[in-house]
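Enquirer: Below is the structure, and that's it, no one-letter string:
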């Protein structure tokens, strides 16, 4: 190939990689047209495309940053689509560099190819750390307070695989279930209510990341969250191996009686001594949440 043509081809290659890098931002899917454009500029050459992306997490000490941060990373992708090497190209804030590289190393790509054969390639990937909204900052502050008051990381990053409760080898069973206490500040109010919470049970049987998904009165939410955090399960297993399991539980409040109602209780599968009376259908029917507002499930 004449030298001038080779020079033009290299320029086209660099331009295509730049377009690819620009499109690979968290939350954005590189359009198929980009790969087609790349191939038209350099016939027989296709760039790596991400098929599994891990969202980068901001460092713990800068969770409350107020402006988006962009980090550009050189990335080497091998013939199998695995990231073999990363190197910093540029960053708007140095403290975000390590988090960006750690996330990118977990990405999986569709391998790049030359003349139809998988080929190792080097690309530039910009990773965008999106600044949390005021609402997200408020949620983070609440979760931090709960962690401090409970004396452990109730809200934390989950490690390992996650399965639904119905996929477990055996139903979730309690090792310890604390009494659900009616809030002292509400005893004279006569209020009744139900709070529905979903959470993850870890391979050690601890509850993490409880989240309210329904309630009849918001005043009972924090009492339900803290009670959920104190629940202790036998380790959930799937195919004989400990796993994280997600489940949903209802916390029922009345001045005369409170109780925890989940699938394990309903099936009566947990053969342990409870520190509260058994629940009957009559108990459930007696809870009238109409005065506190209609039940919300969302």
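Expert: Cool, the structure landed. Quick caveat, the model's predicted, so the values are computed rather than measured.
Enquirer: which residues in the stretch 151-298 of the chain form helices?
Expert: Assignment of helices within the stretch 151-298 of the chain using DSSP state H, counting those that start in this stretch yields the ranges 221-230, 263-267, 281-286.
Enquirer: Now do the longest one: which elements does it pack against?
Expert: If you count contacts as 3 or more C-beta pairs under 8 Å, 6 or more residues apart in numbering; DSSP states H and E, helix 221-230 packs onto helix 134-150, strand 193-201, strand 207-215, strand 244-253. From N, CA and C alone the C-beta is placed, and that goes for glycine too.
Enquirer: I'd like the ones you listed written out as a markdown table, with mean pLDDT added.
Expert: As requested, the helices and strands packed on helix 221-230 are exported to a markdown table (pLDDT from 0 to 100):
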| stretch | mean pLDDT |
| --- | --- |
| helix 134-150 | 91 |
| strand 193-201 | 95 |
| strand 207-215 | 95 |
| strand 244-253 | 94 |
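Enquirer: Nearest to residue 185, out of the ones you listed?
Expert: Checking the helices and strands packed on helix 221-230 against residue 185 by C-beta to C-beta gives strand 244-253 as the closest, at 12.4 Å.
Enquirer: Report all helices and strands that the closest one contacts.
Expert: Helices and strands touching strand 244-253, by 3+ C-beta pairs under 8 Å, 6+ apart, are strand 162-164, strand 193-201, helix 221-230, strand 259-262.
Enquirer: Would you mind listing where the stretch 1-150 of the chain has pLDDT under the threshold?
Expert: Applying pLDDT under 70 to the stretch 1-150 of the chain flags residues 1-43.
Enquirer: Once you drop chain neighbours, what's closest to residue 223?
Expert: Distances taken as C-beta to C-beta, 6 or more residues apart in numbering place residue 183 nearest to residue 223, at 5.3 Å, with adjacent residues excluded.
Enquirer: who's in contact with the one you found?
Expert: Residue 183 makes contact with 219, 220, 223, 253, according to C-beta atoms under 8 Å, 6 or more residues apart in numbering.
Enquirer: Do you know the pLDDT at it?
Expert: Per-residue pLDDT puts residue 183 at 92.
Enquirer: what do you get for the one 3 residues further on?
Expert: With respect to pLDDT, residue 186 has a value of 91.
Enquirer: And it, how close does it get to residue 222?
Expert: 12 Å (C-beta to C-beta, to the nearest Å).
Enquirer: All set now, cheers.
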